[in-house]
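S.K.: Here is my input; please provide its structure:
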Amino acid sequence: MMEDLKYPLKDNTVPVWAVPLYAVLLPMAVFLLFYMRRRDVYDLHHSVLGLLFAVLITGVLTDAIKNAVGRPRPDFFWRCFPDGVEAYDKWGGVVCHGKESDIKEGHKSFPSGHTSWSFAGLGFLSLYLSGKIKAFDRKGHVAKLCIVFLPLLVACLVGISRVDDYWHHWQDVFAGGLLGLVVATFCYMQFFPAPYNDDGWGPYAYFRAMEESRGNANINRDSPVVQAMEDRVMNQEPRRNGDTFTPYSYHSPTLEAMEMGQK
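M.R.: Below is the predicted model of the structure:
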């Protein structure tokens, strides 16, 4: 009756405390490296915000599904019967005599929390890197694809370890990975263009600020004061000593600073 749930109890290869380190802190460290290079506050703010949204939403969905489904883990037999002696009631129902906390934890197999969190955080990082290094610029750079797939490879290895530790069935790992990756993609697309887009290297907020700055520059240039100064400059004749007068030009420090950040 419980033949497929008699796998031995094992410790976690990837401990629970390590998941936030590589799924949250590692991507944030990469975001900071790009910020130190470009000093783009919009990029740092929206990348961190998108990552936190992805991880938190995935965590809530994963726990909700775990409690709703209640699928036994592969090692549930030894959680239910620590002494190896099976016990059933007169109707054939299982009568567990193990620790209540172990039994409760044994009913949280589907989906894999380690895997869903890993694909949420590292999947978001993979999308972020693909946009930053322009992995889909149709120039055939294999090295760029290796960089993009590296976080996903780490997430896959975490999922494999969950099956190897007998904490999850392979279906649990597959569902957890799919859930995390879908949520990560959804959250990324809320703040950034698609990685294959020409503007995929920056967040939407950056380009909106650029448009507003250019609009303000055009408004200031069309003002009566600026037009009067330009007319005055254009009407002036060259000086007698051969030197010509330099035409007036309008400069927007904000726009120039943002355009310098793009380079």
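
S.K.: From the contact counts, what lies against the lengthiest helix in the chain?
M.R.: Identified as the longest helix of the chain according to DSSP state H is helix 41-69. Here helix 41-69 touches helix 26-38, helix 113-132, helix 170-191, helix 204-221, going by 3 or more CB pairs under 8 Å, 6 or more residues apart in numbering; DSSP states H and E. Glycine gets a C-beta too; all of them are placed from N, C-alpha and C.

S.K.: Could you check it and say which residues are buried?
M.R.: Buried positions in helix 41-69, judged by neighbour count with 16 or more other CB atoms under 10 Å: 42-44, 46-48, 50-51, 53-55, 57-59, 61-62, 65-66.

S.K.: rewinding a little: which one of the helices and strands packed on helix 41-69 lies closest to residue 11?
M.R.: Nearest to residue 11 among the helices and strands packed on helix 41-69 is helix 113-132 (13.2 Å), distances taken as CB to CB.

S.K.: Please work out the average pLDDT along the very next helix or strand once past the closest one.
M.R.: Following helix 113-132 in sequence order, the next helix or strand is helix 142-164 (DSSP states H and E). For helix 142-164, the mean pLDDT works out to 93.

S.K.: now helix 142-164, how far from the centre of its chain.
M.R.: Per CA atoms, centre = their mean, to the nearest Å, the displacement of helix 142-164 from the mean C-alpha position of its chain is 14 Å.

S.K.: Please apply the same query to stretch 54-65.
M.R.: With CA atoms, centre = their mean, you get 14 Å for stretch 54-65.

S.K.: likewise stretch 63-80?
M.R.: On CA atoms, centre = their mean, the centre of stretch 63-80 falls 28 Å from that of its chain.

S.K.: I'd like the numbering to begin with 37 instead of 1 from here.
M.R.: Let's use 37 as the start, then, which means that last one is stretch 99-116.
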